[in-house]
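*Asks:* sequence unknown, structure follows:
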């Protein structure tokens, strides 16, 4: 099972065929929308995917900012991208795959077996001297059938338990973990017991994922079991959990954990849900336990 594809290998793939379905998932918290950037230049054959409207549902604040979409909605969106059963899918963005990872995780969760991230994203493609095209072309509808449930998922209760009995990683920036700042959610801090693991540390200076051995060493240093330990905590189907602000960059950390040989469970509600649940305690500071408080 491949997780990453290089720009050179994707270019060769496009020549030899059959061509993969390429999804452009440019998105940034607070905007601007990525479609305009897509129209100014994207990979040949790519289709734009709107993260907010197609890769997330919409509900109450207590559901989080980017809850998982309803299966029927995701399937309709994927058919609109021209996706068919058995297709290879390549996803990318212009932000070190921080947003494209959401599509990677969600499609894997929905049963698409061959989903790959363009390592280094659009920057790597351009650095290789490969062409981009402008505009936006219509896409013939696909007929893919999707069913959510292929990857492990945590709810708030399971995340709380894992933070105490196993390893739960917080993929946000360290200052948000500590509670120094909180630019968007109602409370600052982290889930008590969670370990700070900013997802940007999974990338090299060119926005590519670090080698698997380096990622493995990073996560072992954060408390995940080493290979000699013979496995992780006794949790069903996963050995580590991960969350972020709203379940987007947590998917990027899930990619890194997968590359490192772990089986991660994603908490989709993440901090945007947790901080909107008044009965959930909040910890602040550098330590996983920190100074806890409610309300």
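*Replies:* The structure has been received and is ready for your questions. Model, not experiment: these values are computed from the prediction.

*Asks:* ok, which stretches of the chain are helices?
*Replies:* Using DSSP state H, the helices of the chain run over 7-16, 35-40, 51-54, 71-80, 100-109, 121-127, 156-165, 174-178, 212-221, 249-259, 270-274.

*Asks:* okay if I get the ones you listed as a markdown table plus mean neighbour count, mean pLDDT and distance to residue 287?
*Replies:* Backbone N, C-alpha and C define where each C-beta goes, glycine included. Formatted as a markdown table, those follow (neighbours: other CB atoms under 10 Å; pLDDT from 0 to 100; distance: least, CB to CB, whole Å):
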| stretch | mean neighbour count | mean pLDDT | distance to residue 287 |
| --- | --- | --- | --- |
| helix 7-16 | 15 | 94 | 41 |
| helix 35-40 | 15 | 93 | 40 |
| helix 51-54 | 17 | 94 | 33 |
| helix 71-80 | 17 | 97 | 38 |
| helix 100-109 | 26 | 98 | 28 |
| helix 121-127 | 20 | 97 | 34 |
| helix 156-165 | 18 | 96 | 13 |
| helix 174-178 | 19 | 97 | 9 |
| helix 212-221 | 16 | 97 | 16 |
| helix 249-259 | 26 | 97 | 20 |
| helix 270-274 | 27 | 97 | 17 |
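
*Asks:* residues touching residue 138, list them.
*Replies:* By CB atoms under 8 Å, 6 or more residues apart in numbering, the contact set of residue 138 is empty.

*Asks:* please report phi then psi for it.
*Replies:* When quoted as degrees, to the nearest 10, the phi and psi of residue 138 stand at phi -60, psi 150.

*Asks:* any chance of the helices of the chain in JSON lines, with distance to residue 239 too?
*Replies:* Output for the helices of the chain, formatted as JSON lines (distance: least, CB to CB, whole Å):
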{"stretch": "helix 7-16", "distance to residue 239": "30"}
{"stretch": "helix 35-40", "distance to residue 239": "37"}
{"stretch": "helix 51-54", "distance to residue 239": "28"}
{"stretch": "helix 71-80", "distance to residue 239": "26"}
{"stretch": "helix 100-109", "distance to residue 239": "17"}
{"stretch": "helix 121-127", "distance to residue 239": "28"}
{"stretch": "helix 156-165", "distance to residue 239": "10"}
{"stretch": "helix 174-178", "distance to residue 239": "21"}
{"stretch": "helix 212-221", "distance to residue 239": "10"}
{"stretch": "helix 249-259", "distance to residue 239": "9"}
{"stretch": "helix 270-274", "distance to residue 239": "19"}
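
*Asks:* among those, which comes closest to residue 289?
*Replies:* helix 156-165 (9.5 Å; CB to CB).

*Asks:* for residue 4, see how far away the residue sitting nearest the centre point of the chain is.
*Replies:* Computing the C-alpha centroid of the chain and ranking residues by CA atoms, centre = their mean puts residue 251 first, at 2.0 Å. According to CB to CB, to the nearest Å, residue 251 and residue 4 sit 14 Å apart.

*Asks:* how about low-confidence regions in the stretch 151-295 of the chain?
*Replies:* The model of the stretch 151-295 of the chain has pLDDT under 70 over residues 227-236, 293-295.

*Asks:* what are the ranges of the strands in it?
*Replies:* 168-170, 195-196, 240-243, 264-266, 282-284, 291-293 (DSSP state E, counting those that start in this stretch).

*Asks:* which segments of the protein make up each domain?
*Replies:* Split into domains by the TED database, the chain comes to 4-128, 156-276.

*Asks:* any chance of the ones you listed in JSON lines, with distance to residue 134 too?
*Replies:* Formatted as JSON lines, these follow (distance: least, CB to CB, whole Å):
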{"stretch": "domain 4-128", "distance to residue 134": "6"}
{"stretch": "domain 156-276", "distance to residue 134": "23"}
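
*Asks:* you'd agree residue 218 is up against residue 201?
*Replies:* Yes - with contact defined as CB atoms under 8 Å, residue 218 reaches residue 201; the gap is 6.8 Å.

*Asks:* ok, the residue nearest to the centre of the chain - contacts?
*Replies:* Residue 251 neighbours (CB under 8 Å, 6+ apart): 101-102, 104-106, 266.

*Asks:* name the nearest of these relative to residue 282.
*Replies:* residue 266 (20.6 Å).

*Asks:* so what sits opposite the closest one in the bridge?
*Replies:* Per DSSP bridges, the residues bridged to residue 266 are residue 153, residue 242.

*Asks:* residues near it, how many?
*Replies:* 27 (other CB atoms under 10 Å).

*Asks:* that one against residue 155, yeah?
*Replies:* No - using CB under 8 Å, residue 266 is not in contact with residue 155, being 10.9 Å away.
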